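S.K.: Sequence plus predicted model, see below.
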Amino acid sequence: MKNCYQEINSIQVKDCPDSLSSVIQRYTPVFLSMYSKFFYPMSENGVNPSDILEDKDLIIYESAKSFNLNKGSSFCTWLSNNTKYRCLHLINKAKKMSMLREKVRNNNELFFNNFNKNIFKVKELNVHIFSILNNLKDKRISSVYKLRYFSGPKMTWSKIGKELGFSSQTAINLHTRGASALKRKINKINP
């Protein structure tokens, strides 16, 4: 046992590769014993157990570097705890990621459900607006609104005027009259 602690000390002080190789060989069964206790919990929570197994030498090395003989515990206990904490960390991380994915999925479903409802409401609103505008005496008002808001990118007043055969100022005036008519209808609904 004394030889083991000398090798650990040699790793801590000099990063001695021979001592590290000896400690890895001696303590791999301790690592594997703790690892085997977490194999199924890791698998069940979506962690690839080979991730920890591939880090076996690194975990033993880090445990040797951080081990303090003066704390009163054995290196076996220290290595077992480090292995356990590494496994638990991956399990907790996987659980958090799973919860996050679930939350994102739920938020996306909620967003798209609300989005679809809102699209329906917008379509209803547009139908209502055009039913009001189409009932006005001047049919050009409805055409101005269609070109301004519903023909792709928002058209300029001069383009609307050119398209409909009148000036940009006439397009603005027709738009203003339409807005006034819509405002009167809305005020009748919501006094």
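M.R.: The structure has been received and is ready for your questions.
S.K.: Now residue 48. Its backbone dihedrals?
M.R.: phi -80, psi 110 (degrees, to the nearest 10).
S.K.: residue contacts, it?
M.R.: Residues near residue 48 by Cβ atoms under 8 Å, 6 or more residues apart in numbering: residue 42. Every residue, glycine included, has its C-beta placed from N, CA and C.
S.K.: Spatially nearest residue to residue 146 (excluding sequence neighbours)?
M.R.: residue 130 (7.8 Å; Cβ to Cβ, 6 or more residues apart in numbering).
S.K.: Does the one you found touch residue 145 like I think?
M.R.: Yes. Judged on Cβ atoms under 8 Å, residue 130 makes contact with residue 145 at a distance of 7.5 Å.
S.K.: circling back: so which helix or strand takes in the residue nearest to residue 146?
M.R.: helix 75-134 (DSSP states H and E).
S.K.: what's the answer for residue 155, then?
M.R.: Residue 155 is part of no helix or strand, with elements assigned from DSSP H and E.
S.K.: which residues of the chain score low on pLDDT?
M.R.: Residues of the chain meeting the criterion pLDDT under 70: 1-2, 106-123, 188-191.
S.K.: Where do the domain boundaries of it fall?
M.R.: Structural domains assigned to the chain are 2-101, 136-189, following automatic domain parsing.
S.K.: Turn those into a markdown table, columns for distance to residue 125.
M.R.: As requested, the domains of the chain are exported to a markdown table (distance: least, Cβ to Cβ, whole Å):
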| stretch | distance to residue 125 |
| --- | --- |
| domain 2-101 | 35 |
| domain 136-189 | 11 |
